[in-house]
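**Q** what's the 3D shape of this:
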Amino acid sequence: MKIVFVTSNRSEYGLLKRLVKLSNNSEKLEAFLIVTGDHLSQIINSEKEIVEDNIPISAKIKLSPTSDNPYSILIAMGDALKSFSQNLSRLNPDAIIILGDRYESLAVATASLLLKIPLIHISGGEITKGSIDDTIRHSITKMADYHFVAVEEFKNHVIKMGEDPFRIFVVGGMG
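**A** Residues are numbered from 1 along each chain as shown. This next block holds a predicted model:
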């Protein structure tokens, strides 16, 4: 089974790292890692941590808005969506795994939905009051095929969004 993981920042990578390493060492899985977002920014450049962990990078997708305003972010997301679509078509995975609620993940979820590649979303159902994160996270939840949530309460939130309880798994927090 071919699995693609997507990581966009250091904190999320820290949570995914063990799962990515286990998948890379599995005889049943062929794991790929797409790196984007802050990992590739000149300021943060956390890609070096992935390299130091000896995790192969299958694709790098630049997603760095020129400024921190909605228009720049939308332009960057549009460019990234094209690159995600090209790379996912090239890798032809059986599933994609993303964690969280960043706009980079929203672009991946959109590509996954339209390319009909099953999406596994980790950390859905969580609530961040007064933040755009909720809207992005819940949008990803609606596009995902499988949901790995931290606690029963988050499972109930995902069920209230209309998702099939059969596809929701309470797995604890990734940390």
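**Q** pLDDT (mean, whole number) over the longest helix along the chain?
**A** Counting residues, the longest helix found in the chain (DSSP state H) is helix 70-91. Mean per-residue pLDDT for helix 70-91: 93.
**Q** so which bits of that helix are buried?
**A** For helix 70-91, burial by neighbour count (16 or more other Cβ atoms under 10 Å) applies to 76-77, 79-81, 83-85, 87-88, 91. Where C-beta positions appear, they are placed from N, C-alpha and C, glycine not excepted.
**Q** looking at those, which two lie furthest apart in space?
**A** Greatest spacing in these, by Cβ to Cβ: Ala76 and Leu91 (21.6 Å).
**Q** what helices and strands are in contact with the longest helix of the chain?
**A** If you count contacts as 3 or more Cβ pairs under 8 Å, 6 or more residues apart in numbering; DSSP states H and E, helix 70-91 packs onto strand 2-7, strand 30-36, strand 59-61, helix 103-115.
**Q** Val158 is nearest to which of those?
**A** For Val158, the closest of the helices and strands packed on helix 70-91 is helix 103-115, at 14.4 Å, according to Cβ to Cβ.
**Q** contacts for the closest one, please.
**A** Here helix 103-115 makes contact (Cβ atoms under 8 Å, 6 or more residues apart in numbering) with 6, 8, 34, 36-37, 63, 73, 77, 80-81, 84-85, 88-89, 96, 98-99, 117-119, 121, 136, 139-140, 143-144.
**Q** surely Ile61 is in contact with Glu47?
**A** No - in this structure, Ile61 is not within contact of Glu47 by Cβ atoms under 8 Å, at 11.7 Å.
**Q** centre-most residue in this protein?
**A** Ile98 (2.4 Å; Cα atoms, centre = their mean).
**Q** tell me, how many residues neighbour the spatially closest residue to that one that is not a sequence neighbour?
**A** Distance criterion Cβ to Cβ, 6 or more residues apart in numbering; nearest residue to Ile98, sequence neighbours excluded, is Ser105 at 4.6 Å. Ser105: 27 surrounding residues under other Cβ atoms under 10 Å.
**Q** for Ser105, give its distance to His121.
**A** 8 Å (Cβ to Cβ, to the nearest Å).
**Q** where do the contact lists of Ile61 and Glu47 overlap?
**A** Common neighbours of Ile61 and Glu47, counting by Cβ under 8 Å, 6+ apart, are 35, 40.
**Q** and the two? Which one has more around it.
**A** Shown here are Ile61 and Glu47; by other Cβ under 10 Å, Ile61 has more neighbours (23 against 19).
**Q** let me see the contact set for that one.
**A** Residues in contact with Ile61 (Cβ under 8 Å, 6+ apart) are 34-36, 40, 80, 83-84, 87.
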